[in-house]
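*Asks:* what follows is a predicted structure for the sequence shown.
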Amino acid sequence: MQGISVVVPVYRSAATLQPLVERLTPVLQRVAERHEVIFVEDGGLDTSWTVIEALAASNPQVKGIRLSRNYGQHNALLCGIRAANYPVVVTLDDDLQHPPEEIPRLLAQLEAGFDVVYGAPEREQHSFLRDKASIITKVALQNAMGAQTARHVSAFRAFRTGLRDAFVAYQSPFVSIDVLLTWGTTRFTHVMVRHDPRAVGVSNYTLRKLFTHAMNMVTGFSTVPLQIASFVGFGFTAFGIVLFCYVLARYFIDRTTVPGFPFLASIIAIFSGAQLFALGMIGEYLARMHFRSMGRPAYAIAGVLNRSEEQVAPERVEGAVK
């Protein structure tokens, strides 16, 4: 293969960066003529950037980008992807749970004609809450990517660098790399790969962060929540009409009315809840429009190590846009 750019978002992982480079280097030398490893330090406020500086000083293939603050994993990935110099990009986490030795299996599927290949874990090595939160994220992705593709989404992925042309102008602070890749191709696949236990520390993803990411994807890249709000409003309107007909029937047939304050209070609460739900969904979309109108960037770069003098043109992705 002509060249590979490996993009690694880094967040409080100083202890794993050196072993990661030591395992990546022989694999990349074996499968590609040229390669680079791009570490994007995402404002972790630890010694990760110091380690990246040392690695870049001793290895010209190691490049570092330091973000001005913590923007999130997908924002850091977007920054690294835009800095990639070679025809293929591989992304993986910084915690050694994605074995670099599995990269050739992803590349084999690219050579078979696919544009994006995910390394789906044979058995995920996460906590119970993290596993459940990942399910929420994948359900949120189904609308944008399709159920079959979303089921196997992973941070361990390989794709053709030319796909970034489909989202070259994207500037929103809400980023999902997996959704953005769907803007450039429909040729997705996956391979089952080993998923190792975390060697050092604990996951920085909490249930709250993953739920927030899922909500950002749903409201930032689809109109499903607004459609749900419409259906809820229509359903409760129909329920109100049926209830009104019931009240009229009781009055004209039995000459009685539906008694009780609790009944009336319950109906008001139901309809108020439906209205607040719809308003909440509209508010989420308005908030995203507000942030985009502010011109808030997806990331800001504070420093770069081993910057390339020129960028190697990525290979053309034939028929990628469908």
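*Replies:* Looks like it arrived, so ask away. Being a predicted model, the structure only gives us computed values, none of them experimental.
*Asks:* gap between the residue lying farthest from the centre of the chain and residue 196?
*Replies:* In the chain, the greatest distance from the average C-alpha position (C-alpha atoms, centre = their mean) is reached by residue 255, at 60.1 Å. According to C-beta to C-beta, to the nearest Å, residue 255 and residue 196 sit 75 Å apart. (C-beta placed from N, C-alpha, C; glycine too.)
*Asks:* tell me which element residue 40 falls in.
*Replies:* Residue 40 belongs to strand 34-41 when elements are defined using DSSP states H and E.
*Asks:* and residue 190, its phi and psi?
*Replies:* Phi and psi for residue 190, reported as degrees, to the nearest 10, are phi -150, psi 160.
*Asks:* same check on residue 59?
*Replies:* Per degrees, to the nearest 10, the backbone of residue 59 is at phi -140, psi 110.
*Asks:* doesn't residue 22 make contact with it?
*Replies:* No - counting by C-beta atoms under 8 Å, residue 59 sits too far from residue 22 to count as a contact (10.2 Å).
*Asks:* rewinding a little: just checking, what packs against the next helix-or-strand element following the strand holding residue 40?
*Replies:* With elements assigned by DSSP H and E, the helix or strand that comes after strand 34-41 is helix 48-58. Here helix 48-58 touches helix 14-31, strand 34-41, strand 62-67, strand 301-305, going by 3 or more C-beta pairs under 8 Å, 6 or more residues apart in numbering; DSSP states H and E.
*Asks:* can I get those in JSON lines with distance to residue 168, mean neighbour count and mean pLDDT?
*Replies:* Below are these laid out as JSON lines (distance: least, C-beta to C-beta, whole Å; neighbours: other C-beta atoms under 10 Å; pLDDT from 0 to 100):
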{"stretch": "helix 14-31", "distance to residue 168": "26", "mean neighbour count": "17", "mean pLDDT": "94"}
{"stretch": "strand 34-41", "distance to residue 168": "18", "mean neighbour count": "25", "mean pLDDT": "96"}
{"stretch": "strand 62-67", "distance to residue 168": "18", "mean neighbour count": "23", "mean pLDDT": "95"}
{"stretch": "strand 301-305", "distance to residue 168": "17", "mean neighbour count": "14", "mean pLDDT": "88"}
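*Asks:* among those, which is nearest residue 162?
*Replies:* Closest to residue 162 of these, according to C-beta to C-beta: strand 34-41, at 16.9 Å.
*Asks:* for the closest one, list the C-alpha coordinates in CSV.
*Replies:* These are the backbone C-alpha positions of strand 34-41, laid out as CSV (Å, rounded to 0.1, in the frame of the first residue of the first chain):
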residue,chain,number,x,y,z
ARG,A,34,5.2,5.2,3.9
HIS,A,35,3.3,5.9,7.1
GLU,A,36,2.7,8.5,9.8
VAL,A,37,1.2,8.4,13.3
ILE,A,38,-0.7,11.6,14.2
PHE,A,39,-1.4,12.0,17.9
VAL,A,40,-4.1,14.7,18.6
GLU,A,41,-3.8,15.7,22.2
